[in-house]
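1. I would like the atomic coordinates for the input below:
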Amino acid sequence: MIRILVLAYLTVFSYMASGVELVKSGERDNESKVGVGVAFTGLTGLSLYADTSYDNFAQSTVAFGRYGTYAITGDYAFAYRAAISSIPSITPFWALGIVLLHDQNNYWPGYASVDTASSTYVGARLPLGLNFVIPKTPIQLAAELAPSLLLTPSTYGYVQGSASLRVLF
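-> From the prediction side, this is the model:
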């Protein structure tokens with residue numbers, strides 16, 4: 001089951017990234033980029049990034065934990081590249097996204113869950129974050145807080161935090 005989910009995740013992200021329009025290679029700062037890296041979300045995993053236009057991008061993570069726990073997120077983000085004019089390498093953003101969480105180890109401490117046969121949760125998230133590209137390198141650091149609402153099999157709200165380190169191409 002997990003292999004099917006990871007394959008579906010990579011297929012959808014590849015489709016989203018295929019719409020990226022690259023400009024002349026001599027204009028590196030204005031070029032659309034694709035990035036791959038590591039995400040730390042309480043779980044650890046793969047982080048993907050793709051510019052879809054100058055002001056928008058898609059990002060996604062697949063993260064794994066102990067005892068079969070995993071989380072998959074996907075977001076479409078709206079960036080504000082000129083918001084901090086004194087530090088142009090910092091880009092604030094907000095996004096609309098989805099989250100899928102498979103939890104075999106009672107991932108939600110203190111949460112009085114309704115006993116359900118399923119331990120796979122699906123929901124929506126609203127990430128707010130910052131991307132920072134280290135000047136003169138292809139390294140991007142990202143941090144976000146994402147208020148999230150799991151909708152099925154039961155409803156639960158929480159705030160998810162994450163940090164990512166990516167290499168841009």
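
2. show me where the chain has helices.
-> 2-17 (DSSP state H).

3. centre-most residue in it?
-> Ser60 (3.5 Å; C-alpha atoms, centre = their mean).

4. let me know the pLDDT of that residue.
-> Looking at Ser60, its pLDDT stands at 96.

5. next one: Gly35
-> With respect to pLDDT, Gly35 has a value of 96.

6. so how far is Leu151 from it?
-> 29 Å (C-beta to C-beta, to the nearest Å). Heads up, the C-betas are built off the backbone N, CA and C, glycines and all.

7. neighbour count for those two, which is higher?
-> Neighbours were counted for Gly35 and for Leu151 using other C-beta atoms under 10 Å; Gly35 has more, 24 against 14.

8. who does the more buried one form a beta bridge with?
-> Beta-bridge pairing for Gly35 (DSSP bridges): Tyr49, Leu168.

9. wait, the residue nearest to the centre of the chain sits on Ala71?
-> No: in this structure Ser60 lies outside contact range of Ala71 using C-beta atoms under 8 Å: 11.0 Å.

10. what are the buried residues along stretch 89-100?
-> Neighbour counts over stretch 89-100 (16 or more other C-beta atoms under 10 Å) mark Ser89, Thr91, Phe93, Ala95, Gly97, Ile98, Val99, Leu100 as buried.

11. skip the chain neighbours and tell me the closest residue to the second one.
-> Closest residue to Thr91 in three dimensions, ignoring its sequence neighbours and counting by C-beta to C-beta, 6 or more residues apart in numbering: Asn131, at 4.6 Å.

12. please name the bridge partners of that neighbour.
-> Thr91, Ala142.

13. how many residues are close by it?
-> 23.

14. quick check: the gap between it and Gly161.
-> Counting by C-beta to C-beta - Asn131 and Gly161 are separated by 15 Å.

15. ranges for the strands of this structure?
-> 34-40, 44-51, 56-64, 70-79, 90-102, 120-125, 128-133, 139-152, 156-168 (DSSP state E).

16. can I get the CA coordinates of the fifth one in PDB?
-> Output for strand 90-102, consisting of C-alpha atoms alone and laid out as PDB, is shown next (Å, rounded to 0.1, in the frame of the first residue of the first chain):
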ATOM      1  CA  ILE A  90      13.600  35.500   1.800                       C
ATOM      2  CA  THR A  91      10.200  34.800   0.300                       C
ATOM      3  CA  PRO A  92       7.100  34.700   2.500                       C
ATOM      4  CA  PHE A  93       4.200  32.500   1.300                       C
ATOM      5  CA  TRP A  94       0.800  31.100   2.100                       C
ATOM      6  CA  ALA A  95      -0.600  28.000   0.600                       C
ATOM      7  CA  LEU A  96      -3.700  25.700   0.200                       C
ATOM      8  CA  GLY A  97      -3.000  22.000   0.700                       C
ATOM      9  CA  ILE A  98      -4.000  18.500   1.600                       C
ATOM     10  CA  VAL A  99      -2.600  16.100   4.200                       C
ATOM     11  CA  LEU A 100      -2.800  12.300   4.400                       C
ATOM     12  CA  LEU A 101      -1.600  10.800   7.700                       C
ATOM     13  CA  HIS A 102      -1.300   7.100   8.400                       C
END
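
17. fine by me, we can end here.
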